[in-house]
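J.: coordinates only, sequence not included:
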């Protein structure tokens with residue numbers, strides 16, 4: 001069992017309940033089992049099991065009856081884990097009641113892979129009664145990732161630790177088809193699974209590009225609003241990360257075309273059919289995968305360090321870009337980040353920095369790349385990718401301290 005950056009027992013020990021969100025395959029179930037293994041007064045419910053799912057779907061109040069019985073038998077605090085709670089959203093009303101009735105005597109660890117399913121039901125989201133946290137694929141600080149392997153196969157635990165490459169590829173192929181079947185088809189999120197499948201292929205090719213929804217809608221034979229809704233499904237089921245465009249005007253931010261990055265490079269390669277392609281370090285594909293990998297890992301760092309940062313991208317009127325703007329809110333940037341897969345990039349390789357510096361001269365400009373050691377040129381700090389991922393909080397406070 002790989003030690004993860006997030007340990008739910010720390011929060012549970014403070015009498016807090018937790019809603020643990022993350023895409024399928026990130027290790028939520030394994031983490032719950034590991035945390036609960038040595039506990040005595042506990043119970044675990046896995047809604048992926050057909051019998052459990054049907055029982056609580058037909059009678060959500062059964063949960064309250066069972067847990068009240070357990071509480072009556074001991075004065076010890078009861079810890080309850082419910083895996084994939086979005087499959088029976090009505091259970092959250094029962095959880096709410098149990099927390100209110102038994103303050104200090106019961107705590108819940110609820111996991112889920114679809115915030116959309118919870119919201120669609122208009123259910124009780126336990127506001128103020130459960131702390132939301134995210135579990136991502138494996139992070140560099142957890143296992144020490146082999147970069148080329150991570151770019152090609154991704155970092156889902158079962159894939160990255162697979163006994164051989166063939167098994168990893170088979171798992172990724174199955175992941176994509178399972179995702180389509182379970183998250184989309186079975187939950188009836190879309191009317192036409194064939195149109196969504198076609199959309200997913202285009203979304204994979206457009207990974208990291210500003211999206212013109214009207215144009216994409218025509219390509220998949222639907223309205224632009226449908227294409228936008230499909231991307232909303234990817235975000236809500238935690239399969240994609242949305243990066244809006246930055247502007248000093250909040251209204252302009254809302255009108256700029258957003259970018260979307262898939263949460264895992266292995267899943268992206270499975271969608272695009274690149275799992276069996278030789279990945280050359282000098283190729284355009286390598287650079288795009290490196291960018292996706294870094295953004296997904298920085299997203300994990302942001303959550304695990306509880307920094308509360310918002311992610312944007314920058315583009316000026318001449319088309320010069322900065323890959324990532326980190327901000328405390330929609331008007332206050334704190335760092336500009338370029339992502340380059342080369343080992344020794346120069347300031348000239350980051351032309352967007354000059355445009356950004358004209359408006360924000362005092363904001364740190366950082367290039368995360370494959371250099372083995374940090375260096376600085378003309379006000380730009382170049383960092384090894386491992387450092388950028390592990391120490392995001394230090395980047396924000398003192399980027400020149402790396403030198």
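T.: Cool, got the structure. Owing to the predicted nature of the structure, the values given are computational and were not obtained by experimental measurement.
J.: Run through the strands of the stretch 101-250 of the chain in chain order.
T.: Counting by DSSP state E, counting those that start in this stretch, the segments of the stretch 101-250 of the chain that form strands are 106-112, 130-134, 240-243.
J.: low pLDDT regions in the chain?
T.: Along the chain, the model assigns pLDDT under 70 to residues 15, 115-128, 181-191, 248-255, 397-403.
J.: which helix is the longest one in it?
T.: Criterion DSSP state H: the longest helix present in the chain is helix 284-304.
J.: Can you check what angle separates that helix from strand 130-134?
T.: Angle of helix 284-304 versus strand 130-134, following axes from the mean of the first three to the mean of the last three Cα atoms, to 10 degrees, is 160 degrees.
J.: Buried residues in helix 284-304, which are they?
T.: 286-304 (16 or more other Cβ atoms under 10 Å). All C-beta atoms are positioned from the backbone trio N, CA, C, and that covers glycine.
J.: for stretch 142-156, same thing?
T.: Across stretch 142-156, burial judged by 16+ other Cβ under 10 Å covers 142, 143, 145, 147, 149, 150, 151, 152, 153, 154, 155, 156.
J.: now do stretch 160-173
T.: 160, 162, 168, 169, 171, 172.
J.: what sits up against that stretch?
T.: Here stretch 160-173 makes contact (Cβ atoms under 8 Å, 6 or more residues apart in numbering) with 2, 137-138, 143, 145, 149-150, 153-154, 156, 158-159, 266-267, 269-270, 275-276.
J.: same check, this time on stretch 315-326
T.: 210, 243, 245-246, 256, 291, 295, 298, 309-314, 333-339, 350-356, 396.
J.: mind running it again at 7 Å?
T.: Under the contact criterion Cβ atoms under 7 Å, 6 or more residues apart in numbering, stretch 315-326 has outside partners 245-246, 291, 295, 309, 311-314, 333-339, 351-353, 355-356, 396.
J.: Okay, and which of those residues map to strands?
T.: Within those, residues falling in strands by DSSP state E are 311, 312, 313, 314, 333, 334, 335, 336, 337, 338, 339.
J.: Can you add neighbour count and distance to residue 12 and give these back as TSV?
T.: TSV is the format used below for those (neighbours: other Cβ atoms under 10 Å; distance: Cβ to Cβ, whole Å):
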residue	neighbour count	distance to residue 12
311	21	29
312	22	34
313	21	37
314	22	40
333	22	36
334	18	32
335	20	33
336	25	38
337	25	34
338	25	40
339	25	36
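J.: Now flag whichever of those is closest to residue 386.
T.: Distance to residue 386, by Cβ to Cβ, is smallest for residue 339 among these, at 13.6 Å.
J.: and the gap between that closest one and residue 358?
T.: Distance, residue 339 to residue 358, by Cβ to Cβ, to the nearest Å: 21 Å.
J.: Residue 299 now?
T.: With distances taken as Cβ to Cβ, residue 299 is found 28 Å from residue 358.
J.: Only the buried residues of stretch 337-346, if you could.
T.: With burial defined by 16+ other Cβ under 10 Å, the residues of stretch 337-346 counted as buried are 337, 338, 339, 340, 341, 342, 345.
J.: Residue ranges of each domain in the chain, please.
T.: 8-135, 142-285, 305-403 (automatic domain parsing).
J.: how distant is the last one from the center of its chain?
T.: How far domain 305-403 lies from its chain's middle: 21 Å, per Cα atoms, centre = their mean, to the nearest Å.
J.: contacting residues around the residue of the chain positioned farthest from its centre?
T.: Computed with Cα atoms, centre = their mean, the residue of the chain farthest from its C-alpha average is residue 73, at 39.6 Å. Counting by Cβ under 7 Å, 6+ apart, residue 73 touches no other residue.
J.: ok, now the one 5 residues further on?
T.: Residue 78 makes contacts with 41, 67, 70, 71, 105, 106, as judged by Cβ under 7 Å, 6+ apart.
J.: for residue 83, same thing?
T.: Contact analysis of residue 83 by Cβ under 7 Å, 6+ apart lists 28, 29, 32, 45, 46, 47, 48, 111.
J.: Out of those residues, which sit inside helices?
T.: 28, 29, 32.
J.: Surely the last one and residue 110 touch.
T.: No - between residue 32 and residue 110 there is no contact under Cβ atoms under 7 Å: 9.8 Å.
J.: And the two? Which one has more around it.
T.: Taking other Cβ atoms under 10 Å, residue 32 and residue 110 do not tie; residue 110 has more neighbours (25 against 21).
J.: would you turn the buried residues of stretch 142-156 into TSV with distance to residue 228?
T.: Converted to TSV, those look like this (distance: Cβ to Cβ, whole Å):
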residue	distance to residue 228
142	34
143	36
145	33
147	34
149	34
150	30
151	29
152	31
153	30
154	26
155	29
156	27
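J.: Taking those, tell me the two that lie furthest apart.
T.: That would be 142 and 152, which, of these, are the farthest apart (Cβ to Cβ) at 19.0 Å.
J.: State the distance from residue 221 to residue 240.
T.: Taking Cβ to Cβ, one finds residue 221 at 21 Å from residue 240.
J.: Three-state assignment for residue 20, please.
T.: strand (DSSP: H, G, I helix; E, B strand; the rest coil).
J.: For it, name its beta-bridge partners.
T.: Taking DSSP bridges, one obtains residue 111, residue 133 as the residues bridged to residue 20.
J.: And for residue 332?
T.: Counting by DSSP bridges, residue 332 is bridged to residue 329.
J.: Helix or strand: which one has residue 66?
T.: According to DSSP states H and E, residue 66 maps onto helix 61-72.
J.: Let me have the contacts of residue 78 in CSV, adding neighbour count and distance to residue 329 as columns.
T.: Output for those, formatted as CSV (neighbours: other Cβ under 10 Å; distance: Cβ to Cβ, whole Å):
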residue, neighbour count, distance to residue 329
41, 16, 42
67, 21, 40
70, 15, 44
71, 18, 42
105, 16, 38
106, 21, 36
